[in-house]
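Novice: sequence first, then the predicted structure:
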Amino acid sequence: MNIVWNPMTQKEAEAIARWKYKKPFDFYDMTADEEDYELFINPEKRSPHTYSGKVEGNLIGFLTVEPQGNRRVDLGLGLHPDHTGKGEGEPFMEACLAMAKKEYKAERFTLSVATFNQRAITVYERAGFIRKGTFMQSTNGGSYEFLKMEKYEKGET
């Protein structure tokens, strides 16, 4: 998947905030959690490490790469609802990793995913992530279980 990554514009953030996923993945709708929505839509609160991903000029996803020090980054990502469940998750994840490696010289990666999202967990495991444990997080008006996952580049321990 040949994705062009650029710093997210306000127009792109607003477009992504309108994305609507089918149940049960509507959990990931930006409007599902007021605080998350505000952090994403407000340019003064949005991470400066948030990027839009386009293929042939079409917005297909986003990626936030938060540096953690020691060549480690925490990833937050989302694929356009029209591209989910169609085998595009793995190439999208590979493109996210390639971007983080190139732009941040990352060798260690972490991410968190809701435990009900087995589809995403499978994609992350195929990309080399391992399960590191679960935790509870308040979001979307409730408390939900999340899985922390990590990936080390070859040669890392």
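Specialist: Yep, it's here. Residues are numbered from 1 along each chain as shown.

Novice: C-alpha only now, for contacts and for neighbours.
Specialist: Will do.

Novice: list the residues that contact Asp54.
Specialist: Rather than Asp, residue 54 is Lys. Ile3, Val4, Trp5, Ile60, Gly61 (CA atoms under 8 Å, 6 or more residues apart in numbering).

Novice: now it. Its backbone dihedrals?
Specialist: According to degrees, to the nearest 10, the main-chain angles of Lys54 amount to phi -130, psi 140.

Novice: surely Pro43 is within a helix?
Specialist: No - counting by DSSP: H, G, I helix; E, B strand; the rest coil, Pro43 is not found in a helix; it is coil.

Novice: how deep is the closest residue to it other than its chain neighbours tucked in, by neighbour count?
Specialist: Spatially, and ignoring its direct neighbours in sequence, Pro43 is nearest to Gln10 (6.7 Å; CA to CA, 6 or more residues apart in numbering). Neighbour count for Gln10, taken as other CA atoms under 10 Å: 14.

Novice: gap between Gln10 and Thr115?
Specialist: Distance of Gln10 to Thr115, given as CA to CA, to the nearest Å: 30 Å.

Novice: over to Gly53?
Specialist: Relative to Thr115, and taking CA to CA, Gly53 is found at 25 Å.
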